[in-house]
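Engineer: below are the sequence and a predicted model; questions follow.
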Amino acid sequence: MSVKLYVKIQNLFSSLKVFASMVIVVGGLYYLFQGKTEHLEKGFEGSTLTPNNIVIAIFNGLWAYDGWSSVTVVAEEIKRPGVNIPRSILIGVPLVTGLYVFMNLSYMSVLSIDEMKGSAAVAVLFSEKVLGPFQFIVPLGVVLATFGCALSVQFGITRLCYAAGREGHMLQAFSFVHVKRLTPAPAVLLQGFLTCFCILAGNIYSLLEFASFLCWIFYGMAMAALILLRYTKPDVPRPYKVPLVIPIFVLILSIVLFITPIVYDPKPQFLNAIVFIGLGILVYIPFVYYKYRMPYLENITYLIQVLLKVVPPEETDQDSLGDTESRGTAASPSKHSMGKLTNGSAENSTLLQTQSNGGVTIVPASESVYHVVVKTPSPRF
């Protein structure tokens, strides 16, 4: 899938799921205007206000809004990021927050607490009571929302893998892009594999706690790095700059969300998240910090290039796209991007040229190295 096609599909699904959400809001407001507020009089009865339960509630609540981070991950592919990223966050987050608040208000105006606790899908139960013959709209909206969310996460996380491969923090192959679609195909496949593994590894609640706990560890690290860089490199150009009080608040919150479940209820999923980070450090030290290279990695990289028809974007072309008037560089080589096929033969290089429908020119540089020149205009969206 190309980036342009992704944007069109994402816009379509976003519009449809907002429409489905508005159907729920209007249905709930209709009940409220009729004076049916008896369910709203009971809200927090039976709640257990222990520190650990509060943290778990925060994990579950904030997970619904976790998509806010996707826009910053793909900053390199956004036109005028200094303007559009703050604008998208300032518009999108309040809009989604307001929509979610009114949706929950609608649920509570129609359904009792016991009904919501006993239902596996609250929105579906709501539609059965309110929409009558049109109750199919809400389940369809749930499906659209799920697909749209998965598509958004897939788009964002693969760009993380792309950047990590480009900086040498992962295999170089993860920074390669498809010769025609300009998308990071190896990173997409890796993300798909990890997603399938997580689905098979545990139930949704364990995955939710594992992912939330892990995310907030990295959010805290990111905020600490931001604060440190603000003081150690104050003169570095910053297209957009947030008040320092915001990262300080997020850092404090992340520390609380990290310490509390470990102290009060050290579940396996929390400990697994820490082990996961520890394994990453063990890989980072020899392969990234000390730059140790296994001898067979070049062969694996070449095999990935041939199978997926991907090449590494040229650094000089990436730098030329990094101005404020154009979108950034991730997975987007410009008119002449050059990569290398190592340990390959002319026959294999020609095969890649044929499969890419004439979009690739093979230029021999030596007996074992072939440059791949991709002549594809940079897509704008």
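Structural biologist: That came through fine. Numbers count the residues shown, from 1 in each chain.
Engineer: how about stretch 65-83: buried residues?
Structural biologist: Residues of stretch 65-83 classed as buried by neighbour count (16 or more other C-beta atoms under 10 Å): Asp66, Gly67, Ser69, Ser70, Val71, Val73, Val74, Ala75, Glu76, Glu77, Ile78, Pro81. Where C-beta positions appear, they are placed from N, C-alpha and C, glycine not excepted.
Engineer: as JSON lines, these with distance to Val236 would be great.
Structural biologist: Below are the buried residues of stretch 65-83 laid out as JSON lines (distance: C-beta to C-beta, whole Å):
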{"residue": "Asp66", "distance to Val236": "28"}
{"residue": "Gly67", "distance to Val236": "28"}
{"residue": "Ser69", "distance to Val236": "22"}
{"residue": "Ser70", "distance to Val236": "24"}
{"residue": "Val71", "distance to Val236": "21"}
{"residue": "Val73", "distance to Val236": "20"}
{"residue": "Val74", "distance to Val236": "21"}
{"residue": "Ala75", "distance to Val236": "15"}
{"residue": "Glu76", "distance to Val236": "17"}
{"residue": "Glu77", "distance to Val236": "22"}
{"residue": "Ile78", "distance to Val236": "20"}
{"residue": "Pro81", "distance to Val236": "15"}
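Engineer: of those residues, closest to Pro295?
Structural biologist: For the buried residues of stretch 65-83, the residue nearest Pro295 by C-beta to C-beta is Glu76; the value is 32.2 Å.
Engineer: okay but the closest one is in contact with Gly156, surely?
Structural biologist: No: counting by C-beta atoms under 8 Å, Glu76 does not reach Gly156; the two are 11.5 Å apart.
Engineer: still on that earlier bit, give me the subset of the buried residues of stretch 65-83 lying in helices.
Structural biologist: Among these, the members found in helices (DSSP state H) are Ser70, Val71, Val73, Pro81.
Engineer: got the contact list for the residue nearest to the third one when sequence neighbours are not counted?
Structural biologist: The shortest distance from Val73 to any non-neighbouring residue, by C-beta to C-beta, 6 or more residues apart in numbering, is to Gly156 (4.2 Å). The contact partners of Gly156, taken as C-beta atoms under 8 Å, 6 or more residues apart in numbering, are Ser69, Ser70, Val73, Val74.
Engineer: which one of the residues you listed is nearest to Ile24?
Structural biologist: Nearest to Ile24 among the contacts of Gly156 is Ser70, at 23.6 Å by C-beta to C-beta.
Engineer: that closest one reaches Ala150, doesn't it?
Structural biologist: No: between Ser70 and Ala150 there is no contact under C-beta under 8 Å: 11.7 Å.
Engineer: Val312: how many residues sit nearby?
Structural biologist: If you look again at residue 312, you'll see it is Pro, not Val. Neighbour count of Pro312, defined by other C-beta atoms under 10 Å: 21.
Engineer: also Ile300?
Structural biologist: Using other C-beta under 10 Å: Ile300 sits among 13 other residues.
Engineer: A strand includes it, no?
Structural biologist: No: looking at Ile300 with DSSP: H, G, I helix; E, B strand; the rest coil, it is helix, so not inside a strand.
Engineer: and the residue lying closest to it once chain neighbours are set aside, how far from Val153?
Structural biologist: Of all residues not flanking Ile300 in the chain, Ala173 sits nearest, at 7.2 Å (C-beta to C-beta, 6+ apart). Distance, Ala173 to Val153, by C-beta to C-beta, to the nearest Å: 22 Å.
Engineer: looking at those two, which is more packed in?
Structural biologist: More crowded of Ala173 and Val153, by other C-beta under 10 Å: Ala173, with 22 against 17.
Engineer: Tyr302 versus the more buried one, what's the distance?
Structural biologist: Distance from Ala173 to Tyr302, counting by C-beta to C-beta: 9 Å.
Engineer: also Tyr292?
Structural biologist: Tyr292 is 20 Å from Tyr302, by C-beta to C-beta.
Engineer: the more surrounded of these two?
Structural biologist: Of the pair Tyr292 and Tyr302, Tyr302 is the one with more neighbours under other C-beta under 10 Å, namely 17 against 9.
Engineer: closest one of the buried residues of stretch 65-83 to Tyr30?
Structural biologist: So of those, ranked by how close each gets to Tyr30 (C-beta to C-beta), first place is Gly67, at 28.7 Å.
Engineer: show me the contacts for that closest one.
Structural biologist: Applying C-beta under 8 Å, 6+ apart, the residues contacting Gly67 are Val96, Cys149, Ser152, Val153.
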